[in-house]
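**Student:** Based on what follows, work out the 3D shape:
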Amino acid sequence: MQFLNRGFGRALCLGLAACYAAGAVNGLSSEPLPPVALRVAYPALNFDRPLWMEESPDDSKRIIVIEQQGKIWLLPRDRNSAERRVFLDITDRKPLVQNEEGLLAFAFHPQFKSNGRFYIYYTQQVPKRNVISEIQVSRTNPNQADLSTERILLEIEQPYWNHDGSTMIFGRDGYLYISTGDGGAANDPHNVGQSGHHLLGKILRIDVNSRTGRLQYGIPKDNPFVGREKDGTPKADPFDTRPEGVRPEIWAYGLRNVWRMSFDRETGDLWAGDVGQDKWEEVNLITKGGNYGWNIREGFHPFREGRVRGTPIDPVLEYPHKAELAAECKFPDHGIGVSITGGYVYRGRKFPALRGVYVYADFQMGTLWGLRHENGKVTTYGELVKPNALRPVASFAEDGDGELYMLSFDGKIYELIEAGK
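**Tutor:** Okay, here's the model as predicted:
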């Protein structure tokens, strides 16, 4: 995620928001997108940079929210209550040093009800790295994590403080899918996007229930690049891009900085919002072994000279950073933004007209959009909630019933509802 460091100031975002506030898009099909509103879901609670929200898969209806500086909260069942409990606190490890670092992601194990396991993704320094850990709930208190049980599965060295990726979600197959950014700075200076011998700029897929060799996790046998690795010995310089085989953890590659991905609970499709460089933001459908083009391509467009391995997969949709680029955009009336936040395909019951719509947003602009994707193409797209740069969209969430929420850096959690309700 780019947070507020794109070179676009908040004042500019506000100005652009004003220009595009009435920019509702005419859909491509006869079925228009429904009017959507946001309602504060927990009016008595405020959070400091909330980044993830998830319901535990154990029928308890417990919901956690993570804050970037290192706290995980259990929310009250009473939506109007101001009481909340600390589930885990790693603030003493100082994960948040620079803007895009911190405690960035969380995932309950699918069998959390029986094994009490969950996973966190956070940053550490010296060396600068991303850490993926398994932790268990306390044996004596189901509302408290036991940090002494931490088992580090994977550490990925990070050359810079930005582009950490970090979504972690379990698929129907029981495997953990992880997004990683390209390491930061700008323009992918280490050319990791098209390189297969390390883990940056990728979607990874691992088995947390087994171990392969000396690894703290298993490599699923049907991962697309199994057998393409060499001896597995890391280079002295992990950002050396000379050929050395392909890491078997990789599920998809050629991605710049996927900030939030999700599975459609009905179809199993894996959706991702990939944050762009200076011109284009993109929505992708992630497929096994897919190459999404970065850093040779950005969106549908060439980015720099170079060779893309195989045939790059085009985005489902792109949108530009500036109005002047609309003529070059395949979706010219979409509207602008500067940092995509990937969302979910709505599969809840409270809002029938929204079913099947993929909901996504722009972090800095605060705009929410939706699209319908049918028979391999976008059939409808448009603005759902008007821009509001004072309400940066940090993440979306889906509860156990498939209802959608939005987490904002204004400190609030919002639920998506039908306009007028």
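
**Student:** Just give me the neighbour total for Asp401.
**Tutor:** Neighbour count of Asp401, defined by other CB atoms under 10 Å: 11. For the C-beta atoms, the positions are set from N, CA and C on the backbone; glycine is no exception.

**Student:** OK, contacts around it?
**Tutor:** 348-349 (CB atoms under 8 Å, 6 or more residues apart in numbering).

**Student:** For it, give me phi and psi.
**Tutor:** Backbone torsions of Asp401, given as degrees, to the nearest 10, read phi -90, psi 0.

**Student:** Quick check: it vs Leu270, distance?
**Tutor:** Computed as CB to CB, to the nearest Å, the Asp401 to Leu270 distance reads 21 Å.

**Student:** ok, now Asp278?
**Tutor:** Taking CB to CB, one finds Asp278 at 26 Å from Leu270.

**Student:** Gly201 too?
**Tutor:** 16 Å.

**Student:** Would you map the strands across the stretch 301-421 of the chain?
**Tutor:** 301-302, 317-320, 340-345, 358-362, 368-374, 377-385, 393-398, 404-408, 413-418 (DSSP state E, counting those that start in this stretch).

**Student:** low pLDDT regions in this structure?
**Tutor:** 1-30, 229-244 (pLDDT under 70).

**Student:** neighbouring strands for the longest strand seen in it, and are they parallel or not?
**Tutor:** Longest strand in the chain by number of residues, with DSSP state E as the criterion: strand 145-157. As defined by DSSP bridges, the strand partners of strand 145-157 come to strand 129-137 (antiparallel).

**Student:** Distance to Thr140 for the strands of the stretch 301-421 of the chain - can I get that in a markdown table?
**Tutor:** Below are the strands of the stretch 301-421 of the chain laid out as a markdown table (distance: least, CB to CB, whole Å):
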| stretch | distance to Thr140 |
| --- | --- |
| strand 301-302 | 56 |
| strand 317-320 | 49 |
| strand 340-345 | 35 |
| strand 358-362 | 40 |
| strand 368-374 | 42 |
| strand 377-385 | 43 |
| strand 393-398 | 29 |
| strand 404-408 | 31 |
| strand 413-418 | 29 |
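
**Student:** so which of those strands comes closest to Gln68?
**Tutor:** Of all the strands of the stretch 301-421 of the chain, strand 393-398 sits nearest to Gln68, with 8.5 Å by CB to CB.

**Student:** Wait, Ala323 touches Ile336, no?
**Tutor:** Yes - under the criterion of CB atoms under 8 Å, Ala323 makes contact with Ile336 at 5.9 Å.

**Student:** Looking at those two, which is more packed in?
**Tutor:** Neighbour count, other CB under 10 Å: between Ala323 and Ile336, Ile336 has more, with 23 against 13.

**Student:** Test my guess that the more buried one contacts Glu318.
**Tutor:** No - in this structure Ile336 lies outside contact range of Glu318 using CB under 8 Å: 11.3 Å.

**Student:** Can you tell me which residue is spatially central in this structure?
**Tutor:** Centroid check for the chain by CA atoms, centre = their mean gives Arg260 as the closest residue, at 1.2 Å.

**Student:** residue contacts, the nearest residue to that one once chain neighbours are set aside?
**Tutor:** Take Arg260 and drop its neighbours on the chain: the residue closest to it by CB to CB, 6 or more residues apart in numbering is Gly342, 3.7 Å away. Listed by CB under 8 Å, 6+ apart, the contact partners of Gly342 are 167, 258-262, 271-274, 283, 360, 396.

**Student:** Among the residues you listed, pick out the one closest to Glu150, please.
**Tutor:** Nearest member of the contacts of Gly342 to Glu150, counting by CB to CB, is Thr167, at 20.3 Å.

**Student:** quick one: contacts for the closest one?
**Tutor:** 105, 177-179, 258-262, 272, 342.

**Student:** got those as JSON lines, with secondary structure columns?
**Tutor:** Below are the contacts of Thr167 laid out as JSON lines (DSSP: H, G, I helix; E, B strand; the rest coil):
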{"residue": "Ala105", "secondary structure": "strand"}
{"residue": "Tyr177", "secondary structure": "strand"}
{"residue": "Ile178", "secondary structure": "strand"}
{"residue": "Ser179", "secondary structure": "strand"}
{"residue": "Val258", "secondary structure": "strand"}
{"residue": "Trp259", "secondary structure": "strand"}
{"residue": "Arg260", "secondary structure": "strand"}
{"residue": "Met261", "secondary structure": "strand"}
{"residue": "Ser262", "secondary structure": "strand"}
{"residue": "Ala272", "secondary structure": "strand"}
{"residue": "Gly342", "secondary structure": "strand"}
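
**Student:** so where do the helices sit in the chain?
**Tutor:** For the chain, the helices defined by DSSP state H occupy 10-20, 112-115.
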